[in-house]
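**Student:** sequence and predicted structure, then a few things I'm wondering about:
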Amino acid sequence: MHLGFFLGWAGLWTVFGRASRTALEIAFGAMAAVALFVFFYEEPALRRKFGADYEEYWRRVPRWLPRVRGWHKA
């Protein structure tokens, strides 16, 4: 979701000719902040809330890139 959001904005900047170094630096800074939030807050909170179910999900589903095939809990 986060990666798609960034790519969507980058595409709009390109289409409308508004891409600039400053815009890209801000976007990459925002992506870094989101990555830190996910790594240090969101994932530990989900581990506490869902335990082993989340651990299994986390092992099978990549963090940033989408899967080609769906995942179903065994």
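**Tutor:** Thanks, I have it.
**Student:** show me the shaky parts of this structure.
**Tutor:** Residues of the chain meeting the criterion pLDDT under 70: 71, 73-74.
**Student:** what ranges do the helices span in it?
**Tutor:** 2-15, 21-37, 43-50, 52-60 (DSSP state H).
**Student:** gap between the third one and the chain center?
**Tutor:** Its chain's average C-alpha position is 17 Å from that of helix 43-50, according to C-alpha atoms, centre = their mean, to the nearest Å.
**Student:** one more: stretch 10-27?
**Tutor:** That offset, for stretch 10-27, works out to 19 Å (C-alpha atoms, centre = their mean).
**Student:** coming back round to it: can you add mean neighbour count and give the helices of the chain back as TSV?
**Tutor:** For the C-beta atoms, the positions are set from N, CA and C on the backbone; glycine is no exception. Formatted as TSV, the helices of the chain follow (neighbours: other C-beta atoms under 10 Å):
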stretch	mean neighbour count
helix 2-15	12
helix 21-37	12
helix 43-50	12
helix 52-60	12
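**Student:** as TSV, the ones you listed with distance to Gly70 would be great.
**Tutor:** Formatted as TSV, the helices of the chain follow (distance: least, C-beta to C-beta, whole Å):
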stretch	distance to Gly70
helix 2-15	17
helix 21-37	25
helix 43-50	19
helix 52-60	11
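**Student:** so which of those gets nearest Arg69?
**Tutor:** With C-beta to C-beta as the criterion, Arg69 lies closest to helix 52-60 of those, at 10.9 Å.
**Student:** please consider this matter closed, and thank you.
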